[in-house]
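A.B. asks: The amino acid sequence is not available; the structure is as follows:
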């Protein structure tokens with residue numbers, strides 16, 4: 001049974017940092033493309049970042065580029081989202097998602113097979 005579990009969310013002041021973690025069971029991140037998405041109240045889910053199966057290729061939403069960094073540790077079967085210079089508009093529930101392989105539209109949430117339950121990030125001004 002595949003399970004993704006996020007952690008690391010919390011309340012932080014604007015300008016602060018958080019590191020989100022996503023641990024997987026039942027699959028190997030070395031074979032999966034892993035994405036981070038977020039959803040704020042009353043808004044649609046949006047793409048944040050992706051790390052391809054290779055572990056080398058990454059991509060970011062323009063809104064987080066230069067502030068967020070996605071990474072993974074295949075030995076621990078974990079993925080991370082380092083978030084720096086946080087802004088109030090980053091407030092949202094953050095989700096990790098995984099899909100086997102590559103060659104799909106990784107910015108679309110419905111491209112992913114597996115999702116975590118989410119972790120809340122709240123940035124105060």
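C.D. replies: Received the coordinates, thanks. Nothing here was measured: the structure is a model prediction, and the numbers come from that model. Numbers count the residues shown, from 1 in each chain.

A.B. asks: Distance check, residue 72 against residue 78.
C.D. replies: Distance of residue 72 to residue 78, given as C-beta to C-beta, to the nearest Å: 7 Å. For every residue, glycine as well, the C-beta is placed using N, CA and C.

A.B. asks: joint contacts of the two?
C.D. replies: In terms of C-beta atoms under 8 Å, 6 or more residues apart in numbering, residue 72 and residue 78 are both contacted by the residues residue 29.

A.B. asks: can you give me the strands for this structure?
C.D. replies: Listed in chain order, the strands of the chain (DSSP state E) span 3-7, 10-13, 18-25, 32-39, 46-51, 58-60, 68-73, 78-83, 92-100, 114-115, 119-124.

A.B. asks: Can you tell me the closest non-neighbouring residue to the residue nearest to the spatial centre of the chain?
C.D. replies: Closest to where the C-alpha atoms of the chain average out (C-alpha atoms, centre = their mean) is residue 36, at 2.3 Å. With C-beta to C-beta, 6 or more residues apart in numbering as the criterion, residue 36 has its nearest non-adjacent residue at 4.3 Å, and that residue is residue 48.

A.B. asks: Report how many residues lie close to that neighbour.
C.D. replies: 25 (other C-beta atoms under 10 Å).

A.B. asks: so it makes contact with residue 59?
C.D. replies: No. Between residue 48 and residue 59 there is no contact under C-beta atoms under 8 Å: 10.0 Å.

A.B. asks: Roughly how far does the residue lying closest to residue 13 once chain neighbours are set aside sit from residue 66?
C.D. replies: Nearest residue to residue 13, sequence neighbours excluded (C-beta to C-beta, 6+ apart): residue 124, at 5.4 Å. Distance of residue 124 to residue 66, computed by C-beta to C-beta: 22 Å.

A.B. asks: what residues are up against residue 43?
C.D. replies: Counting by C-beta under 8 Å, 6+ apart, the residues that residue 43 touches are residue 92.

A.B. asks: in stretch 4-20, what counts as buried?
C.D. replies: 4, 6, 8, 9, 12, 18, 20 (16 or more other C-beta atoms under 10 Å).
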